[in-house]
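A.B. asks: Just to be clear, the model below is a prediction. Sequence and coordinates:
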Amino acid sequence: MAFMHDLVSFPTYFFNNFFKNFFYNILSFIKLNSNYSFINNNIIKNKKFFINEDYCSHGIFKNLHNNLIIFHCFKNNYLKIKNFDSFTIEPMFVFKDKNGYNYKNIFFSKKENFSFQWEHTMFILQCKILITTIRKNELCFI
């Protein structure tokens, strides 16, 4: 599996615009008293790319780095976003050939195929979203 910093040949323009729009779209669903299921639903139902649903999740925490409340389950999820919640969104993107191999809970994509896990941790504070994990190439978008 390739991580974003390893994808030297990946077109920067495509990455910046594609994921900027994807990220802003997800942020639009994050509002106090909204249902957490909308976040995952928005990630999984996007038809512009393939996301490996077995390795796509968003963890929701009572406090930062506590045990997960939800792991990739938007059908039975009725929890609401509250002030001081923190959570992580981590979809796994797979480009070109969406097939791969699962071994001991690790997804291996085929050779010469782009796959990576894109992760951001956020904290809700007084109706504002604080992003605690941000990359240098995303600073101009936030």
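C.D. replies: Looks like it arrived, so ask away. Numbers count the residues shown, from 1 in each chain.
A.B. asks: Show me which helix or strand of this protein is least confident by mean pLDDT.
C.D. replies: For the chain, counting by mean pLDDT, DSSP states H and E, strand 57-61 ranks last in confidence among helices and strands (a mean of 49).
A.B. asks: After it, which helix or strand is next?
C.D. replies: strand 86-90 (DSSP states H and E).
A.B. asks: mind listing what that next one pairs with, with the direction of each?
C.D. replies: As defined by DSSP bridges, the strand partners of strand 86-90 come to strand 57-61 (antiparallel), strand 120-125 (antiparallel).
A.B. asks: show me where pLDDT drops low in this protein?
C.D. replies: 1-20, 23, 37-78, 90-119, 133-142 (pLDDT under 70).
A.B. asks: if you set the cut-off to 50 instead, what comes out?
C.D. replies: Applying pLDDT under 50 to the chain flags the ranges 1-11, 55-58, 61-73, 140-142.
A.B. asks: Reduced to three states, what does residue 22 come out as?
C.D. replies: helix (DSSP: H, G, I helix; E, B strand; the rest coil).
A.B. asks: make that residue 26, sorry
C.D. replies: Assignment for residue 26 (three-state DSSP): helix.
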